[in-house]
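Asker: Need a 3D model of the sequence below.
(2 chains)
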Amino acid sequence: MPRGARWLPLGTVAGLLCAFATKDNWPVRFSDIAAKAGLTAVNVSGSATNKKYILEMNGSGVAFLDYNRDGNVDLFLVNGTQLDRAVGQAEPVSHLYRNNGDGTFTDVTREAGLAYSGWGQGACVADFDNDGYDDLFVTYYGRNRLYHNNGNGTFTEMAERAGVAGADGRWNSGCAFLDYDRDGKVDLFVANYVDLGPHFSNVPKPGSGEFCQYKGIPIACGPRGLPVAVNYLYHNNGDGTFTDVSVPAGIRKTEGHYALGVLTFDYDNDGWPDIYVACDSAASILYHNQHDGTFHDTGVASGLAYNEDGEAQAGMGVAALDYDHDGFLDVVKTNFSDDSPNLYHNNGDGTFSDRVFQAGLGRHRNSLGWGVIAADFNNDGWSDIFMVNGHLTPEIDTAKSDAAYRQRKMMYRNLRDGRFEDVTPFSGPDISGLHSSRGAAAADLNNDGRLAVVVNELHEKPSLLAADGPTPNHWIGIQLIGTKSNRDGIGARVEVESGALRQMDEVRSGGSYLSQSDLRLHFGLGPATRADRVTVRWPSGVVDTVRGIPVDRHIVMEEGFGIRQPK
Amino acid sequence: MRLVAGGLFILILGLTGRAQGPSAEEQQYLFSVLPLIERGEVSDAENRLLAGVERYPRSAILYNALGIVYRKQSRIDKAAAAFRKALEILPSFTAAQLQLASIDQQQGNRTEAVRLFRSAGGSTTNFEALAAAGLGLADCEDYAGAAGVLDRAHALRPGADSVSYNLALAQYKSGNPASALESLQSIAEAGRQPDVLHLRGKLLEDLGKPEGAGDLTAACRLEPGNEVFCADAALRAIRQERFLDAIAMLEPGLEKSPGSLSLLPLMGLAQFRLGRYRDAMSSYTAALAKDASVDASREGLGFLCYVTGDLEKARAVIEEGLRNPKADFYLAHLEAMVLYRLSPQLRSKALDAVNRALQANGNFAPSYFLRGKIRMDQNDFPGALEDFERAVEVDPKYPLPYYKMAQTYTRQGRTKEAEAARRKFSELGSLREEEILLRQTQSVLLPGPR
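Answerer: Below is the predicted model of the structure:
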């Protein structure tokens, strides 16, 4: 089916199908296995108890990548640092954990050459030089790091050489690789949050201004009242370097600022990747790809800039999903507390309608959302939504508000009729553990069709929520290898048909809150015992279709070739 | 707001006009009756006075005393007749004027009462009479008149705290806070008097001085169970986003009067703004249980349910209130908001509701905005634009209609107009929902005139 066409919504049929779906048969029970798996590094983000600057509050993201190509997805946890470190105290670093394939991980940070300290923020993954090994980009307050994967278990930092390091004093936040000009080489988008200035020179003291208060409690100031920062788009030159094309590409022509989460997706099905940026207390940005190397911000016109009324929100994390199977990607965005998240339904005409309340996602106003994952956790063929939450700073608790510093996570099951059901209480006790969560990403860690979620918890060890027990439904995982297109197939759209069920998703870098999920696509198939047809629409324009795929396995599809090697 | 009585008086003697004073015999006769009145032997006093007016039929002071005796017996009509007779004999008899004015005021004859109080206040130089006339005028809500009379009393005795306070209150109520503040300055140890602190706090706030909040808080702390003081202090605290302080000020009053309708809605609001949604719902629900006709509490509860996504409950709460034909327009507006958010299938019902709201109050810009949104959803773009235009006409600083105008023009392919609307929206600046809620809760949900 060509892009631009609309699939018939399956609401009625789906309604019948889900007539027997109740909370009782929600099959996903998470256990936090982080400690058992060996994820022991504690997150650092300034002072744990007395935060002076907003930089200390936002925490960091996480990234899944199979850095050693052993078929097991590994994990990178971004870490921050401290303003004042005691003498002799070790410098906190980000951590790379190798997946041992047996439910455990080994910290390989130092041997991989990634033991770098600083105010780490987000991470995104792509094979930017198409050498077959995924590389890692990490954003910082300060200079970014581009870790080139050497293919031997080590990385080489080359951000300065590649031209993507940025400058001191910049607060880089979300990032994503995307092939915006479809030339077969992934480019890089880097969002920026606040212009803190070198050594916080632009930041007033806590509690000293209008925007340094929260419900009467003095807290670190911002983002409002602080100088805004600008976003960056780097074009991949194909020789290991990038060129900053932010101005000619129109990236600066926006009123959106205080940018955090980045989502790349083709919202209008024109075959070109667009960029959505969640902004804090300002208009969010929808960079519409003009097909000529430039973008135009259509946030206001499309309805994605604000909530349904035009009220600014404090956007944090973002994810795309076709929750109603109409062939257009919708958007879910997390926001600050005393507000609701957004579920922007894609109307298929370039506009979106926020249906968060109709969908049943607007009931938890006390939650301050960060990471958000749209994925089919129960493998029924419909994307569910997972959100992680947590407030800014422990001082918040002195306000004795219901919006506590530590908050539970939330799992919403797709009811297949445009609505979602809060199944958190039925998803195992560990999902309700209280943390101040930030970045979150999902991956099939054991290659068994059960998605696990890793969460970067502020000032704590991470959570690794893995599903107990077997999945009751069938599934298929799809990894893409581009040949004419970029090697990871980033931006490729994959459609999976099994019986009456038609799903689609895109391979994307970045997303959630400053995080990176498994680059392999995951499709639940419900009771279907085969995927009737899998179609890949590559950024190059090549379309590959394979039929009759056996289920419950990961397959690799190579551009122009089809299935390369079922695993 | 309350007035401090300036030593309530029963004027029997001395306050006659300059001309035609009572004779020595009349006075002697009256002195012989006074002990009976003082001892409460009113029947004997009545008989003696009736005999007296027979003997001295032109004695204004005896008729005045007779009127006082009748008042003590709650025989108001007879008392009024006696005072009128006294005034007929001696029209400038201040004591009788004050007595009759007081009866007129109690009986709702405000105009006549004001005339008599003003006459009494204008003709006397007696401090007590001036204080009483001023107080009477204030009770009749003739604050400018009261201020004038009390100012004369104040000039006679600048150290009389009660007169200074009443003068300040009358000046405040007649729209002169600066003079009121000056009048309060003569009160010694003002910091220990909660009434004075409360008034001073309100005056300072009116004059835009932030220290007023401190006085309001101090008044509440000196009298923690006082609903008026603590409601005002809590309101200021809410406006300054000091929600914990507000709750602390409201709690003692609610312990004393758990069903207080002046405190519960404020408590609900403070809890709401603090994010204690369940507590806030309990407070609003308690207020509604006490008096289901209080729109402010119903609006608070309905709005709370609306913003927390419990749309069905919001609808039930609001629609129950709408059974009252005199329900506030905002309830109809809220109903429209809820129906709009609840389901696209309820758009026409939402339209009916917002039309009702607009019929009751055509000057509420958010109602036009909401109707515009509904029309936009119904693809009635000209109708939507008309409503958005009207919304910004009513409230030129309202940014949201421009946002929707930009979208509507875009859908119509009118890119220039869309860009102009977007620019205007951007110029006015989008507010965060929380700020809009704050504005809305302050301007709509707080007690007081809209």
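Asker: For the rest of this, base every contact and every neighbour count on C-alpha atoms.
Answerer: Will do.
Asker: What's the separation between the closest residue to A:Asn149 other than its chain neighbours and A:Val108?
Answerer: Nearest residue to A:Asn149, sequence neighbours excluded (Cα to Cα, 6 or more residues apart in numbering or on different chains): A:Phe155, at 4.5 Å. Using Cα to Cα, to the nearest Å, A:Phe155 is found at 11 Å from A:Val108.
Asker: what's the overlap in contacts for those two?
Answerer: Contact criterion Cα atoms under 8 Å, 6 or more residues apart in numbering or on different chains; residues shared by A:Phe155 and A:Val108: none found.
Asker: for the stretch 51-200 of chain A, what spans make up the strands?
Answerer: For the stretch 51-200 of chain A, the strands defined by DSSP state E, counting those that start in this stretch occupy A:62-65, A:74-77, A:95-99, A:105-107, A:119-126, A:135-141, A:145-149, A:155-157, A:172-178, A:187-192.
Asker: Those into a markdown table, with extra columns for distance to B:Lys326, mean pLDDT and mean neighbour count?
Answerer: Output for those, formatted as a markdown table (distance: least, Cα to Cα, whole Å; pLDDT from 0 to 100; neighbours: other Cα atoms under 10 Å in any protein chain shown):
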| stretch | distance to B:Lys326 | mean pLDDT | mean neighbour count |
| --- | --- | --- | --- |
| strand A:62-65 | 57 | 98 | 31 |
| strand A:74-77 | 61 | 98 | 27 |
| strand A:95-99 | 65 | 98 | 24 |
| strand A:105-107 | 68 | 98 | 18 |
| strand A:119-126 | 56 | 98 | 31 |
| strand A:135-141 | 58 | 98 | 28 |
| strand A:145-149 | 66 | 98 | 23 |
| strand A:155-157 | 72 | 98 | 18 |
| strand A:172-178 | 53 | 98 | 32 |
| strand A:187-192 | 53 | 98 | 26 |
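Asker: For A:Val332, find the nearest of those.
Answerer: Closest approach to A:Val332 among the strands of the stretch 51-200 of chain A is made by strand A:172-178 (16.0 Å; Cα to Cα).
Asker: where does the stretch 351-450 of chain B dip in pLDDT?
Answerer: B:430-450 (pLDDT under 70).
Asker: just chain B next, same as before
Answerer: Using pLDDT under 70, chain B drops low at B:1-21, B:430-450.
Asker: The closest residue to A:Arg537 other than its chain neighbours - how many residues pack around it?
Answerer: Of all residues not flanking A:Arg537 in the chain, A:Val543 sits nearest, at 4.6 Å (Cα to Cα, 6+ apart). A:Val543: 16 surrounding residues under other Cα atoms under 10 Å in any protein chain shown.
Asker: Chain A contacts on chain B?
Answerer: By Cα under 8 Å from any Cα of the partner chain, the part of chain B that sits against chain A consists of B:240-244, B:273-277, B:307-310, B:341-343, B:400, B:403-404, B:406-407, B:410, B:422, B:430-434.
Asker: buried ones in stretch A:247-258?
Answerer: Of the residues in stretch A:247-258, A:249-252, A:254, A:256-258 count as buried by neighbour count, 16 or more other Cα atoms under 10 Å in any protein chain shown.
Asker: just stretch B:193-209 next, same as before
Answerer: Across stretch B:193-209, burial judged by 16+ other Cα under 10 Å covers B:194-206.
Asker: could you pull out the helices for the stretch 201-350 of chain A?
Answerer: A:299-302 (DSSP state H, counting those that start in this stretch).
Asker: Closest residue of it to chain B?
Answerer: A:Ala312 (4.5 Å; Cα to the nearest Cα).
Asker: What pLDDT does the model give that residue?
Answerer: The model reports A:Ala312 with a pLDDT of 89.
Asker: Please name the bridge partners of it.
Answerer: Taking DSSP bridges as the rule, A:Ala312 bridges to B:Arg432.
Asker: That one: neighbour count?
Answerer: A:Ala312 - counted by other Cα under 10 Å - has 24 other residues nearby.
Asker: So it is in contact with A:Gly299, correct?
Answerer: No: using Cα atoms under 8 Å, A:Ala312 is not in contact with A:Gly299, being 11.8 Å away.
Asker: tell me, what's touching these two both at once?
Answerer: A:283, A:305-306.
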